[in-house]
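**Q** This is the structure alone, sequence omitted:
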């Protein structure tokens with residue numbers, strides 16, 4: 001902040017704060033609210049597509065909110081109504097907390113550093129931004145859910161009076177929680193790591209949907225809503241769930257417990273506002289660390305710890321580069337984390353539900369094997385630096401081998417872990433060797449087809465936005481991935497047929513352990529042959545590959 005009036009009192013201990021100009025506090029809130037509305041209106045004017053998407057989302061959210069409201073009201077009179085509403089409100093607050101981390105660009109007013117040059121004090125700014133946060137689809141959806149929650153548990157005049165206060169407190173707690181989290185992590189959200197979080201938002205939604213589905217199925221197969229009673233007994237004392245718990249306590253005649261629960265919600269709101277104000281003060285008065293130059297002299301750096309563990313020569317260099325892509329590149333990291341998560345969720349969740357098979361563990365190897373497809377797309381236009389080092393099929397083979405080995409460093413132990421975990425959950429340890437052998441054979445086949453399709457059907461991966469394929473190359477991506485998966489399944493046919501024979505034969509159990517070395521050996525052989533067949537094509541098509549991966 002560039003003017004003395006903008007520095008809060010907290011920056012000068014012992015010095016009383018200068019009085020604000022008359023009317024400044026009262027005028028700031030409507031100004032910020034109008035700013036929020038202007039940002040929303042101007043954003044919708046950019047394009048008809050964005051306007052249509054926004055209106056569609058509004059209709060869908062209002063529809064879901066109406067259905068939620070009716071469903072919660074229908075719970076009125078149910079003895080387990082509070083067991084549903086209290087955890088639901090706590091989960092909703094958790095969603096408000098993590099939403100700014102994964103969608104930092106959803107609200108331009110989430111970044112208070114844009115106001116750093118204005119002579120604003122933290123307290124009026126907190127009130128103004130809190131009021132602006134109540135404008136939007138999210139607060140409306142939350143309000144509908146909270147109203148439905150209190151209606152389902154409120155009984156009596158005192159409970160309805162408490163419900164009005166509880167809805168306001170719970171809504172403000174959710175909004176203040178989102179603002180406090182955003183202010184505490186705004187430096188992160190504007191950095192490369194923040195963009196990584198945004199890219200991973202789809203994964204969080206997918207995993208969350210699987211967890212919700214799993215929870216609903218467990219409730220349906222177990223004791224119904226009664227299973228939530230122990231959870232609700234704890235969460236009714238955790239804000240903002242305590243606000244709904246206060247309404248239920250007052251309905252039961254426990255006015256003291258209701259007052260304490262409502263007080264917990266008010267205390268949480270006050271604490272969040274104080275935390276938000278402190279982070280806001282720090283943001284508005286401290287310099288950005290990214291603009292400060294380090295005074296340390298430049299020192300020569302030797303090989304990193306990762307480089308010392310890898311083979312020498314080009315193979316180790318290629319492996320290190322590929323592993324660094326996995327850790328640093330947002331799109332590559334998102335693809336890997338998604339594959340790791342889904343490869344674990346599908347077999348494990350099916351095993352927990354009692355509907356799975358130990359062979360579902362092969363899904364982990366299949367999901368990770370997909371990462372071998374379009375190996376050069378992650379390089380984008382920088383692939384020319386790789387192309388300059390390839391002058392013969394031998395160089396191309398070493399390049400592809402290094403990338404395949406980097407993939408195996410992660411995939412082999414992970415596929416083994418998922419297989420062992422699935423087998424343990426199902427208690428079918430006798431099939432562990434054959435499932436591992438089948439997984440390794442499938443992985444080797446996918447390495448082979450992935451290397452060949454990377455050279456034959458390369459496509460560009462845009463670095464900005466959420467699209468994983470450059471415009472006009474969607475057909476190449478479909479052919480590369482799905483054609484390669486079908487080819488990998490056909491290449492794995494010998495091991496699949498052998499596995500079926502072992503399970504059908506009368507004395508097959510005695511020989512099932514042989515499927516592990518046979519499957520691993522077959523996978524290694526087919527991967528080696530695939531790399532050698534793909535190397536000459538890669539060496540011949542370097543200009544075409546560079547042109548294809550540079551379009552993003």
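**A** All right, it came through fine. In this text the structure is predicted, and so the values were computed from the model without any measurement.

**Q** pretty sure residue 248 is touching residue 152, no?
**A** No. In this structure, residue 248 is not within contact of residue 152 by CB atoms under 8 Å, at 9.4 Å. For every residue, glycine as well, the C-beta is placed using N, CA and C.

**Q** Which one of those two is surrounded by more residues?
**A** Each of residue 248 and residue 152 has its neighbours counted (other CB atoms under 10 Å); residue 248 has more, 29 against 23.

**Q** Mind telling me what element that one is part of?
**A** Residue 248 is part of helix 241-251, with elements assigned from DSSP states H and E.

**Q** any idea of the mean pLDDT for the next helix or strand after that helix?
**A** Toward the C-terminal end, the helix or strand that comes next after helix 241-251 (DSSP H and E) is helix 255-285. Helix 255-285 comes out with an average pLDDT of 88.

**Q** Please apply the same query to stretch 31-40.
**A** For stretch 31-40, the mean pLDDT works out to 81.

**Q** Let me see the contact set for residue 420.
**A** residue 432 (CB atoms under 8 Å, 6 or more residues apart in numbering).

**Q** Then residue 470?
**A** Taking CB under 8 Å, 6+ apart as the contact definition, residue 470 lies against 459-462, 551-552.

**Q** ok, it to residue 164 distance?
**A** As defined by CB to CB, to the nearest Å, residue 470 lies at a distance of 53 Å from residue 164.

**Q** surely residue 146 meets residue 93?
**A** No. Applying CB under 8 Å, one finds residue 146 not in contact with residue 93, separated by 10.5 Å.

**Q** those helices in the stretch 51-200 of the chain, which residues are they?
**A** 81-102, 122-133, 137-153, 157-184, 186-189, 192-199 (DSSP state H, counting those that start in this stretch).

**Q** I'd like these laid out as TSV, including mean pLDDT and distance to residue 500.
**A** Below are these laid out as TSV (pLDDT from 0 to 100; distance: least, CB to CB, whole Å):
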stretch	mean pLDDT	distance to residue 500
helix 81-102	84	44
helix 122-133	84	59
helix 137-153	90	51
helix 157-184	90	52
helix 186-189	62	51
helix 192-199	56	40
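
**Q** Residue 54: which of these is closest?
**A** Of all these, it is helix 137-153 that lies closest to residue 54, at 8.8 Å by CB to CB.

**Q** other SSEs contacting that closest one?
**A** Contact here means 3 or more CB pairs under 8 Å, 6 or more residues apart in numbering; DSSP states H and E; on that basis helix 137-153 packs against helix 48-74, helix 81-102, helix 157-184, helix 241-251.

**Q** Out of those, indicate the one that is most buried.
**A** Using mean count of other CB atoms under 10 Å, the stretch among these with the greatest mean number of neighbours is helix 241-251 (a mean of 29).

**Q** what angle separates it from helix 255-285?
**A** 160 degrees (axes from the mean of the first three to the mean of the last three CA atoms, to 10 degrees).

**Q** What angle do helix 137-153 and helix 241-251 make with each other?
**A** Orientation of helix 241-251 against helix 137-153 (the same axes, to 10 degrees) gives an angle of 30 degrees.

**Q** Could you list every helix and strand in contact with helix 241-251?
**A** Counting contacts by 3+ CB pairs under 8 Å, 6+ apart, helix 241-251 is packed against helix 81-102, helix 137-153, helix 157-184, helix 255-285.

**Q** how about the helices and strands packed on helix 137-153 in a markdown table, adding distance to residue 504?
**A** Below are those laid out as a markdown table (distance: least, CB to CB, whole Å):
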| stretch | distance to residue 504 |
| --- | --- |
| helix 48-74 | 49 |
| helix 81-102 | 47 |
| helix 157-184 | 56 |
| helix 241-251 | 54 |
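
**Q** between these, which gets nearest to residue 452?
**A** Nearest of these (CB to CB): helix 81-102, 36.0 Å.

**Q** list the helices and strands that closest one packs on?
**A** Applying 3+ CB pairs under 8 Å, 6+ apart, we find helix 81-102 packed against helix 137-153, helix 157-184, helix 192-199, helix 201-221, helix 229-235, helix 241-251.

**Q** For residue 428, which non-adjacent residue is spatially closest?
**A** Nearest residue to residue 428 in three dimensions, chain neighbours excluded: residue 358, at 5.0 Å (CB to CB, 6 or more residues apart in numbering).

**Q** Next one: the one you found relative to residue 70, how far apart?
**A** Per CB to CB, residue 358 is found 43 Å from residue 70.

**Q** if I look at residue 146 and residue 93, which residues touch both of them?
**A** Joint contacts of residue 146 and residue 93 (CB under 8 Å, 6+ apart) are residue 170.

**Q** Distance check, the residue nearest to residue 505 when sequence neighbours are not counted against residue 528.
**A** Excluding the flanking residues, the one nearest residue 505 by CB to CB, 6+ apart is residue 511, at 8.0 Å. Taking CB to CB as the measure, residue 511 falls 26 Å from residue 528.

**Q** And residue 142, by the same measure?
**A** Distance, residue 142 to residue 528, by CB to CB: 57 Å.

**Q** go on, residue 398?
**A** Counting by CB to CB, the gap between residue 398 and residue 528 amounts to 13 Å.

**Q** Show me which of these two is the more surrounded one.
**A** Neighbour count, other CB under 10 Å: between residue 398 and residue 528, residue 398 has more, with 20 against 16.

**Q** Residue 151 contacts residue 72, correct?
**A** Yes. Under the criterion of CB under 8 Å, residue 151 makes contact with residue 72 at 6.8 Å.

**Q** any low-confidence regions in the stretch 451-552 of the chain?
**A** Applying pLDDT under 70 to the stretch 451-552 of the chain flags the ranges 463-467, 471-472, 506-509, 552.

**Q** brain fart, the stretch 251-400 of the chain
**A** Checking the stretch 251-400 of the chain against pLDDT under 70 turns up 286-307.

**Q** repeat that with 80
**A** 280, 282-310, 328-331, 333-335, 338, 349-350, 352-356 (pLDDT under 80).

**Q** From the rest of the structure, what touches stretch 254-274?
**A** With CB under 8 Å, 6+ apart, stretch 254-274 has contacts from 126, 130, 158, 162, 165-166, 169-170, 172-173, 176-177, 179-180, 236-237, 239-240, 242-243, 245-250.

**Q** Equivalent analysis for stretch 386-396, please.
**A** With contact meaning CB under 8 Å, 6+ apart, stretch 386-396 is reached by 314, 376, 379, 399, 534-536, 538-539, 542-543, 545-546.

**Q** and residue 171, what is it in contact with?
**A** By CB under 8 Å, 6+ apart, the residues touching residue 171 are 134, 139, 142-143, 146.
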